[in-house]
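K.L.:
Show me the folded form of this:
(one chain, ligands or ions: 1)
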Amino acid sequence: MSQHLWLRCEKKEFERRAALSPKNAKALIDAGFTIHVERDEQRIFDDSEYESVGCILEENNSWPNAPKDIPIFGLKELPLSDDPLPHTHIQFAHCYKNQAGWSAVLARFHKGGGKLYDLEFLTDETGRRVAAFGFHAGFAGAAAGALALASVQAGETLGHLHPFANETEMVNAVKEKLGDSAKKTRALVIGALGRCGRGAVDLFRKIGLEEDNIIKWDMDETAKGGPFQEILDVDVFVNCIYLSSKIPPFVTDEKINAAGPGRRLRVIVDVSCDTTNPFNPIPVYNINTTFKEPTVPVTVSPENPSLSVISIDHLPTLLPREASEQFSSDLLPSLLQLPQRDNARVWVEAEKLFNSKLKEAVQAEGL
Ligand SMILES: NC(=O)c1ccc[n+]([C@@H]2O[C@H](COP(=O)([O-])OP(=O)(O)OC[C@H]3O[C@@H](n4cnc5c(N)ncnc54)[C@H](O)[C@@H]3O)[C@@H](O)[C@H]2O)c1
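P.N.:
Down below sits the predicted model:
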């Protein structure tokens, strides 16, 4: 019997990404799946793109009436509600790390008898996530950093950022704004071997930075311990590390002020966004910035050049098409194992985690 899968609409404001692209929907259909897709005007892919590869279009937000044995697939969390959830849901639910309201979210599964496979916790045998949005977070973060630098050079502050239709449009927009200064721009990426870091390096290459001017650091280079003078000697610093323990800060207010009027660094992009983490290695700002106001100034001594930080925590939304395409391609091998989910490791482990979190939630909610 064919495995059905139901791609629901996204209800989170401004979310244009999709958990499944038309290309990967086709790959599933070719493997014998039946794919239902809710009409969704907010999604970056047109409904017709899914229809033309053989998906069955369904009404917007009609998944609560879908047959109970069809898994419901989406990206972001569902709107707040007490309604029981009888289906199996595959999505990011943000309720396994004691986030605000976590037990109420899980209580809905308890009441409905449904199941959650949280996309953040689908991992391979080494514990690494099978799909994540990192590459395009780094790519978009570096683009925002380059745009902020161009604004500084023009004596302006970077204004509202809007999603780009595709990568080429983003690259061209940055190239146009940065102009010839791209050739002289120096950037340092820390965490350069990771997903976000590779994306940041790729953007800098595509907008025309010289290879020698893209400094790539990872664990080996930071082993000596910060703060690092090298950060102050580039135009843009992009932090892409996965912070897992206390480390010395990469940059500090003291170090910035000590650099004086000759400091080169003008923009920090904190893709990692460990803003409120007590071990944040960039303790020179304390808020997350937004697409509307992408930068926050660092307080510097009066005679020193300005310095701003970009700390947007949903950067891939700036490139919804490519980010969705890559995410769903990375997820495809696991999705192909859905019919065997009772035995396939990736799904079995995710279900085990769900069951243990559900138990905690039932206790917390006194159910
Ligand atoms: N802002 C956003 O929109 C956004 C989106 C996606 C991911 N993220 C965040 O970006 C971070 C990185 O994600 P990822 O998927 O690229 O992780 P990853 O594991 O693929 O890469 C992290 C890299 O950092 C390196 N690293 C770790 N500690 C380091 C240190 N002390 N010094 C130098 N290098 C170090 C690792 O060796 C690795 O190469 C995570 O915190 C993630 O939550 C942010």
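K.L.:
Contact residues of the chain facing the ligand?
P.N.:
Residues of the chain lying close to the ligand by CB under 6 Å from any ligand atom are 132-134, 137, 190-191, 193-197, 218-219, 222, 240-242, 247, 271-273, 312-316. Backbone N, C-alpha and C define where each C-beta goes, glycine included.
K.L.:
Buried among the residues you listed? Make that a PyMOL selection.
P.N.:
Under the burial definition 16 or more other CB atoms under 10 Å, those of those that qualify are selected in PyMOL by:
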select buried, resi 132+133+134+137+190+191+194+195+196+197+218+222+240+241+271+272+273+312+314+315+316
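K.L.:
Which members of the residues of the chain next to the ligand are positioned in helices?
P.N.:
Assigned to helices by DSSP state H, the following of these qualify: 134, 137, 195-197, 219, 222.
K.L.:
Excluding sequence neighbours, find me the nearest residue to K292.
P.N.:
H160 (5.3 Å; CB to CB, 6 or more residues apart in numbering).
K.L.:
okay, now that neighbour: neighbour count?
P.N.:
9 (other CB atoms under 10 Å).
K.L.:
Distance-wise, check S21 relative to S328.
P.N.:
Here S21 is placed at a distance of 5 Å from S328 (CB to CB, to the nearest Å).
K.L.:
can you list the ones in helices among the residues of the chain next to the ligand in CSV and add distance to A31 and pLDDT?
P.N.:
Shown next, in CSV, are those (distance: CB to CB, whole Å; pLDDT from 0 to 100):
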residue, distance to A31, pLDDT
G134, 27, 93
A137, 29, 97
R195, 26, 95
C196, 31, 97
G197, 33, 98
M219, 39, 98
T222, 43, 98
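K.L.:
nearest to N288, of those?
P.N.:
Using CB to CB, A137 comes nearest to N288 of those, at 13.4 Å.
K.L.:
my guess is that closest one meets P316, correct?
P.N.:
Yes. With contacts counted by CB atoms under 8 Å, A137 reaches P316, the gap being 5.0 Å.
K.L.:
Name all residues that make contact with the residue sitting nearest the centre point of the chain.
P.N.:
For the chain, the residue nearest the mean C-alpha position is F133 (4.3 Å; CA atoms, centre = their mean). Residues counted as contacts of F133 (CB atoms under 8 Å, 6 or more residues apart in numbering) are 17, 316, 323, 326-327.
K.L.:
now those in CSV, with secondary structure?
P.N.:
CSV is the format used below for these (DSSP: H, G, I helix; E, B strand; the rest coil):
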residue, secondary structure
R17, coil
P316, helix
A323, helix
Q326, helix
F327, helix
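K.L.:
The ligand: which of the residues you listed is nearest?
P.N.:
Within these, the smallest distance to the ligand is 5.9 Å, found for P316 (CB to the nearest ligand atom).
K.L.:
ok, so what distance separates the closest one from N355?
P.N.:
For P316, the distance to N355 equals 30 Å [CB to CB].
K.L.:
try A142
P.N.:
40 Å.
K.L.:
same thing with L209?
P.N.:
Counting by CB to CB, the gap from L209 to N355 is 48 Å.
K.L.:
all helices of the protein, in order?
P.N.:
22-30, 47-51, 102-112, 134-153, 167-178, 195-206, 219-222, 229-232, 253-259, 320-335, 345-365.
K.L.:
Can you tell me which of these is packed in deepest?
P.N.:
The highest mean neighbour count among the helices of the chain, using mean count of other CB atoms under 10 Å, belongs to helix 134-153: a mean of 26.
K.L.:
packing partners for that helix?
P.N.:
helix 167-178, strand 187-190, helix 195-206, strand 236-239, strand 267-270, strand 308-310, helix 320-335 (3 or more CB pairs under 8 Å, 6 or more residues apart in numbering; DSSP states H and E).
K.L.:
most remote residue from the protein's center?
P.N.:
E303 (36.8 Å).
K.L.:
would you turn the helices of the chain into JSON lines with distance to H94?
P.N.:
Listed next are these as JSON lines, based on distance: least, CB to CB, whole Å:
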{"stretch": "helix 22-30", "distance to H94": "23"}
{"stretch": "helix 47-51", "distance to H94": "26"}
{"stretch": "helix 102-112", "distance to H94": "8"}
{"stretch": "helix 134-153", "distance to H94": "16"}
{"stretch": "helix 167-178", "distance to H94": "27"}
{"stretch": "helix 195-206", "distance to H94": "19"}
{"stretch": "helix 219-222", "distance to H94": "28"}
{"stretch": "helix 229-232", "distance to H94": "31"}
{"stretch": "helix 253-259", "distance to H94": "32"}
{"stretch": "helix 320-335", "distance to H94": "16"}
{"stretch": "helix 345-365", "distance to H94": "12"}
